[in-house]
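need the 3D shape of this:
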Amino acid sequence: MRYSQDHKAQTHQRIIKEAAARFRRDGIGATGLQPLMKALGLTHGGFYSHFSSKDELVEKALQAAGEELDAHCAMLFAEERPLDAFIDSYLSEWHQTSPHQGCPLPTMSSELGLRGQPSPTTDAVLNARLEQVQGTLEGEHADDRSIVIMSTLVGALLLSRSVESPGLAQRILDVTREHLKQSRD
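Okay, the predicted model is just below:
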């Protein structure tokens, strides 16, 4: 049975959206193509009519996750105190417990780096955040300070997700959030 181009494009987007969520939640290596396709009611063989490789899907999924983050951050950086809004959102309990919907940097970028496969999309996602953060800072070295803030946010979120104790996870978020908000200027 032949499907319309529109159906194929919709299926393509469904695969990307599901992969973006699973890569952020479970990791790239732990996300198999067969379970991914099965979850969507599709066959493993059908994957190759949409993508030439898993690496291509990883790149497209990272782009999609970055676009989701862009939309979320556009709202945060329109707030009266944009950097506080961003820090509060990034280090929220929701973000800590919902990696499948959050920023791809803590999960996907670390795995891509370990695999020796840095991504230009990771650069784009990070640079977009750095520009937004830098735009809220005054004084000398705002560009360097934006790197410190983003590195601290990503690291704190990653650590909070890796500890067993919910109390320690929350403490990591709370202490880091307060420190960043007090020392950013």
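
from here on, contacts and neighbour counts on C-alpha atoms
Will do.

residues near Gly27, how many?
Neighbour count for Gly27, taken as other C-alpha atoms under 10 Å: 20.

which residues touch it?
By C-alpha atoms under 8 Å, 6 or more residues apart in numbering, the contact list for Gly27 reads Thr107, Met108, Glu111.

which strands or helices does the helix or strand containing Thr11 pack on?
Under the criterion of DSSP states H and E, Thr11 resides in helix 5-26. Counting contacts by 3 or more C-alpha pairs under 8 Å, 6 or more residues apart in numbering; DSSP states H and E, helix 5-26 packs against helix 33-39, helix 54-76.

in a markdown table, list those helices along with mean pLDDT and mean neighbour count.
Formatted as a markdown table, the helices and strands packed on helix 5-26 follow (pLDDT from 0 to 100; neighbours: other C-alpha atoms under 10 Å):
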| stretch | mean pLDDT | mean neighbour count |
| --- | --- | --- |
| helix 33-39 | 94 | 15 |
| helix 54-76 | 95 | 18 |
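
quick one: which of those is nearest Gln13?
Closest of the helices and strands packed on helix 5-26 to Gln13 is helix 54-76, at 9.3 Å (criterion: C-alpha to C-alpha).

can I get that closest one as CSV, trimmed to CA atoms?
What follows is helix 54-76, C-alpha atoms only, in CSV (Å, rounded to 0.1, in the frame of the first residue of the first chain):
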residue,chain,number,x,y,z
LYS,A,54,20.4,6.3,13.5
ASP,A,55,23.0,9.1,13.5
GLU,A,56,20.8,11.1,11.1
LEU,A,57,17.8,10.6,13.4
VAL,A,58,19.9,11.7,16.4
GLU,A,59,20.8,14.9,14.7
LYS,A,60,17.1,15.6,13.7
ALA,A,61,15.9,14.7,17.2
LEU,A,62,18.4,17.0,18.7
GLN,A,63,17.3,19.8,16.4
ALA,A,64,13.6,19.1,17.4
ALA,A,65,14.5,19.2,21.1
GLY,A,66,16.4,22.4,20.5
GLU,A,67,13.3,24.0,18.8
GLU,A,68,11.1,22.9,21.8
LEU,A,69,13.7,24.6,24.1
ASP,A,70,13.8,27.7,21.9
ALA,A,71,10.0,28.1,22.2
HIS,A,72,10.1,27.6,26.0
CYS,A,73,13.0,30.0,26.5
ALA,A,74,11.4,32.7,24.3
MET,A,75,8.6,32.9,26.9
LEU,A,76,11.1,32.8,29.9
